[in-house]
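Q: What follows is a predicted structure for the sequence shown.
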Amino acid sequence: MTALGAVLVACGGPRGSNGSCPNDLPASCASPAPSYQAKVAPIINLRCITCHSPGGQEASRPLQTYSQVYSERSAVLDQVYACNMPPGSAAQPTEQEREALLGWLVCGAPQN
């Protein structure tokens, strides 16, 4: 089983609390992989840092640097794909943001 297959099994597919979570996990890595610096880091800064930084609700799981995001990549993939993160009370990523973030994670979260 591939790592992607394991994620899908472990995650059980998208669930989300409102039932409208898209089934949009890329089947394979796009070429070129979405850029961490140009695409992914701005999404994480906009959608995640409020909680995942010192003083935030999830300060114990910071996502402020590439290294921190990389170390949490499996959890980020699971939670974003399942529409659990960001939480329902927060602004949700756009379709393009989800595509870039999930695509980057499926590609192995390169530091590009």
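A: That came through, no problem.
Q: residue boundaries of the helices in this protein?
A: 3-11, 41-47, 66-71, 73-81, 95-106 (DSSP state H).
Q: The longest one packs against which elements?
A: Right, helix 95-106. helix 41-47, helix 73-81 (3 or more CB pairs under 8 Å, 6 or more residues apart in numbering; DSSP states H and E). (Glycine included, C-beta is placed from N, CA and C.)
Q: right, and those - which one's nearest Leu63?
A: Closest to Leu63 of the helices and strands packed on helix 95-106 is helix 41-47 (CB to CB; 5.5 Å).
Q: list the buried ones in the closest one?
A: 41, 43-44, 47 (16 or more other CB atoms under 10 Å).
Q: List just the nearest of those residues to Arg98.
A: Ile43 (8.8 Å).
Q: residues touching the closest one, list them.
A: 93, 97, 100-101 (CB atoms under 8 Å, 6 or more residues apart in numbering).
Q: what's the spacing between it and Cys83?
A: 15 Å (CB to CB, to the nearest Å).
Q: does Pro86 really touch Gln92, like I thought?
A: Yes - if you go by CB atoms under 8 Å, Pro86 and Gln92 touch, sitting 6.4 Å apart.
Q: the more surrounded of the two?
A: Neighbours per residue (other CB atoms under 10 Å) separate Pro86 from Gln92, with Pro86 holding more: 18 against 14.
Q: Now the more buried one: closest residue in space, sequence neighbours ignored.
A: Arg47 (5.3 Å; CB to CB, 6 or more residues apart in numbering).
Q: same deal with Leu63?
A: His52 (4.0 Å).
Q: Test my guess that the one you found contacts Val69.
A: No - His52 lies out of contact with Val69 (CB under 8 Å); the separation is 9.1 Å.
Q: between these two, what contacts are shared?
A: With CB under 8 Å, 6+ apart, His52 and Val69 have common neighbours Leu63.
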